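Asker: got a structure for you, letters missing:
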């Protein structure tokens, strides 16, 4: 192969300064793309430009943000320069993604591109959160005592080493079931089962030093945890000295940081933490006077949660899971805060002992509770707070308001270059900085902006966008009429494509109502609904095999990659505007000059572009995008219609159902698909990642 002679030069450039290898790095990238056909790569200008932009940013120690449209081969666009940066500098590359599924896909892409380019010995690891791994230490007792356990096969598989991760389990296992078997608190070096533990092995590898690991692929949650530990001066989770950090699906970064910095409080868990703290104080001091102090705190907590529970019941029909908490009445906030301060001081004065870890946990729990009371009382104005009821248990959550400042100091401080990419980073605007403004402001980004790399797919000839113009507008007092009409239109559209449709919802309640309505119909296609848990692989596999209709929300708006005729239509039930009552967006709106222009529309467009991006996944795909939200129609005359049309790649746009029917007949009917399948069988279509 042509690359053997010059690739050997790459391995000789190690332990050197960036500027001294600038020419060699650029030459390496140019040689790959100049001979793209010899490496089995498609000729994609956007991918080459992206690779060169990343090299330039790295050499100049700058951060770079690049929108990479669907189909340019985004993962290869950053993996190719990353391979050479790693080999020249002998330091690992950290790649952070928004989901485990994407992490594993990038891991596969890495092995594909290393084989194409002739690299050998590239070591990589996918790092996941502890709840993805099985814990033999926790399961050992169940294995010996619970022969009649309903999940005894899973228990047996874990103990025999056949099941090391949740992904190893065939069939479905609920979150509640898996929580009994997964890693929650790792004993690390003290664990009897560490030698065969996938979690222990993974954590060891992602902390590897120079030269031990070439690529460390983690989800954004794990990267954020590592950055928080770095900021607090604690031991890092991931290698402390990467050459480059790449953040894929960077449009999710703000939400991931909020999640990581969110503290959740339930009455049961708080009372358990207080009981543990009380036990430590009684054992450590012998002072039984603490009983009355803790009883007073618990009584106040019960009053807080009683009021919040009533608030949730009164607002259970709203579209957001985050429910605003108004000012609580008749709560002695200051009195309890004084008591908690006394408890915290008493805990901190206990002499260190074998229970030092328990003492630290108790101090943290009391400190968090102090923050909660300070926030609910209005004395602390640095946090957002809300209520929810995810599992029949009231939860109060708090998180910092300004996550952009956290990210600016933790990630974009200049110590390690960061490359951020996604297919949906930009809005409208003339200058690059203006196009990236919404996201860069949200995450506190500082650095360079790369030119938008648009999708190479032929949307003009291979897609049609249908906007319904007669379904009633969605309003809180008109929800039933909207959902009834939407269900009827949905059936017509799905019959047109004979199933093979992904239906995306913005609210779980809407999904449930439509699902119940569809189950009552005599449908010509099989109906599927999003399953519980983070992985949707099994439900997607069943959907593809049946040519059915899949209803989903949340994770289904992005990361679902179904190529070919198995998916011929995506239906957007409602435009994904953020809910005004959501405390996070309420805060964003309060700090914006023009809430509609600066918050609601940009946020909606990011999610809408993600959802519509599920339709065309290869050069040979054809499909229909249907929007049932008639606010997008011409007669609605909404200001944001043009913003939406400019943001999406579709140019063949209609409000006439008959035109959609004709497009389907001409391009994705059964006869047409059979003919195209015969043509495809005689040619190999290369995919560049």
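Answerer: Thanks, I have the structure now. Here the structure is a predicted model, which is why all the values come from computation and not from measurement. Numbers count the residues shown, from 1 in each chain.
Asker: pull the number of nearby residues for the closest residue to residue 408 other than its chain neighbours.
Answerer: Nearest non-adjacent residue to residue 408, counting by CB to CB, 6 or more residues apart in numbering: residue 444, 3.4 Å away. Just so you know, the C-beta spots here come from the backbone N, C-alpha and C atoms, and that holds for glycine as well. By other CB atoms under 10 Å, the residues close to residue 444 number 20.
Asker: residue 444 touches residue 413, doesn't it?
Answerer: No. At 10.4 Å, residue 444 does not count as touching residue 413 under the criterion of CB atoms under 8 Å.
Asker: residue contacts, residue 434?
Answerer: residue 427 (CB atoms under 8 Å, 6 or more residues apart in numbering).
Asker: can you offset everything so residue one is 227?
Answerer: Okay, residue one is now 227; in that scheme the one you just asked about reads as residue 660.
Asker: what is the rounded mean pLDDT of the helix or strand that contains it?
Answerer: Counting by DSSP states H and E, the element that carries residue 660 is helix 658-661. For helix 658-661, mean pLDDT is 93.
Asker: show me what counts as buried in the helix or strand that it is followed by.
Answerer: Using DSSP H and E, the helix or strand that follows helix 658-661 in sequence is helix 663-669. Judged by neighbour count using 16 or more other CB atoms under 10 Å, the buried positions of helix 663-669 are 663-666, 668-669.
Asker: re the thing from before, compute the distance from the centre of the helix holding residue 660 to the centre of its chain.
Answerer: Here the centre of helix 658-661 is set off from its chain's centre by 24 Å, with CA atoms, centre = their mean, to the nearest Å.
Asker: repeat for stretch 266-275
Answerer: 27 Å.
Asker: same check, this time on stretch 326-335
Answerer: 13 Å.
Asker: likewise for stretch 441-454?
Answerer: Per CA atoms, centre = their mean, the centroid offset for stretch 441-454 relative to its chain is 12 Å.
Asker: buried ones in it?
Answerer: Neighbour-count burial for stretch 441-454 [16+ other CB under 10 Å]: 441-454.
Asker: stretch 277-294 now?
Answerer: 277-285, 289-294.
Asker: what's the end-to-end length of that stretch?
Answerer: One end of stretch 277-294 sits 11 Å from the other (CA to CA, to the nearest Å).
Asker: quick one: average confidence on it?
Answerer: On average, stretch 277-294 scores 96.
Asker: residue 601 looks like it's in a strand, true?
Answerer: No. Assessed with DSSP: H, G, I helix; E, B strand; the rest coil, residue 601 is helix; it does not lie in a strand.
Asker: quick one, what contacts it?
Answerer: 609, 611, 624.
Asker: report the contact partners of the last one.
Answerer: Shown in contact with residue 624 (CB under 8 Å, 6+ apart): 488-489, 491, 597-598, 601, 609-611.
Asker: please apply the same query to the first one.
Answerer: Residue 609 sits next to 597, 601, 624-627 when contact means CB under 8 Å, 6+ apart.
Asker: pLDDT at it, what is it?
Answerer: 95.
Asker: need phi/psi at it.
Answerer: phi -130, psi 150 (degrees, to the nearest 10).
Asker: mind listing the residues bridging to it?
Answerer: Note on residue 609: beta-bridge partners by DSSP bridges are residue 626.
Asker: okay, now the unreliable bits of this protein?
Answerer: 227-242, 435-437, 542-546, 578-580, 758-761, 896-915 (pLDDT under 70).
Asker: break it down into its domains, please.
Answerer: 230-354+425-485+631-675, 360-422, 489-626, 685-907 (automatic domain parsing).
Asker: angles on the backbone of the spatially most central residue of the chain, please.
Answerer: Nearest residue to the geometric centre of the chain (CA atoms, centre = their mean): residue 324, 3.6 Å. With angles defined as degrees, to the nearest 10, residue 324 sits at phi -90, psi -10.
Asker: what sits closest to it if chain neighbours are left out?
Answerer: residue 475 (3.8 Å).
Asker: is it true that the one you found touches residue 781?
Answerer: No. Between residue 475 and residue 781 there is no contact under CB under 8 Å: 11.5 Å.
Asker: the two - which one has more neighbours?
Answerer: Neighbour count, other CB under 10 Å: between residue 475 and residue 781, residue 475 has more, with 24 against 16.
Asker: and that one, what is it in contact with?
Answerer: Contacts of residue 475 (CB under 8 Å, 6+ apart): 323-325, 328, 446, 648, 784-785.
Asker: kindly report the same for residue 453.
Answerer: Counting by CB under 8 Å, 6+ apart, residue 453 makes contact with 636-637.
Asker: residue 479 too?
Answerer: 446, 473, 633, 646, 669.
Asker: next: residue 699.
Answerer: For residue 699, counting by CB under 8 Å, 6+ apart, the contacting residues are 708, 856-857, 862.
Asker: what of residue 470?
Answerer: Residue 470 neighbours (CB under 8 Å, 6+ apart): 280, 284, 308, 311, 319-320, 642-645.
Asker: which residue ranges of the stretch 777-915 of the chain form helices?
Answerer: 809-816, 821, 827-838, 867-873, 883-893, 896-907 (DSSP state H, counting those that start in this stretch).
Asker: so can I have TSV of the ones you listed showing mean neighbour count?
Answerer: Below are the helices of the stretch 777-915 of the chain laid out as TSV (neighbours: other CB atoms under 10 Å):
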stretch	mean neighbour count
helix 809-816	17
helix 821	16
helix 827-838	23
helix 867-873	15
helix 883-893	16
helix 896-907	11
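Asker: sorry, back to before: now, the buried residues of stretch 277-294 that are in strands?
Answerer: 290-293 (DSSP state E).
Asker: tell me which residues in whichever strand or helix holds residue 509 are buried?
Answerer: Taking DSSP H and E as the definition, one finds residue 509 inside helix 493-511. By 16+ other CB under 10 Å, the buried positions in helix 493-511 come out as 493, 496, 499-500, 502-504, 506-507, 510.
Asker: what's the biggest helix in the protein, counting residues?
Answerer: Ordering each helix of the chain by length in residues (DSSP state H) puts helix 516-540 first.
Asker: elements contacting it?
Answerer: helix 493-511, helix 559-574, strand 609-614, strand 621-626 (3 or more CB pairs under 8 Å, 6 or more residues apart in numbering; DSSP states H and E).
Asker: let's see 10 Å
Answerer: Helix 516-540 sits against strand 489-492, helix 493-511, helix 559-574, helix 582-602, strand 609-614, strand 621-626, with contacts defined as 3 or more CB pairs under 10 Å, 6 or more residues apart in numbering; DSSP states H and E.
Asker: what angle sits between the third one and helix 493-511?
Answerer: If I follow you right, that is helix 559-574. Interaxial angle, helix 559-574 versus helix 493-511 (axes from the mean of the first three to the mean of the last three CA atoms, to 10 degrees): 50 degrees.
Asker: in helix 559-574, what's buried?
Answerer: The neighbour-count check on helix 559-574 (16+ other CB under 10 Å) flags 559, 562-563, 565-566, 569-570, 572-573 as buried.
Asker: other SSEs contacting that helix?
Answerer: helix 493-511, helix 516-540, helix 582-602.
Asker: related to what we said a few turns ago, next one: the residue nearest to the centre of the chain from residue 289, what distance?
Answerer: The span separating residue 324 from residue 289 equals 18 Å under the rule CB to CB, to the nearest Å.
Asker: my guess is residue 851 contacts residue 840. True?
Answerer: Yes. At 9.4 Å, residue 851 counts as touching residue 840 under the criterion of CB atoms under 10 Å.
Asker: need the overlap of contacts for those two.
Answerer: residue 796 (CB atoms under 10 Å, 6 or more residues apart in numbering).
Asker: higher neighbour count, the two?
Answerer: With neighbours defined as other CB under 10 Å, residue 851 and residue 840 compare such that residue 851 has more, 25 against 22.
Asker: bridging residues for the more buried one?
Answerer: residue 691, residue 796.
Asker: what residues are up against it?
Answerer: Counting by CB under 10 Å, 6+ apart, residue 851 has contacts 685, 689-693, 795-798, 837-838, 840-842, 874-876, 878-879, 886.
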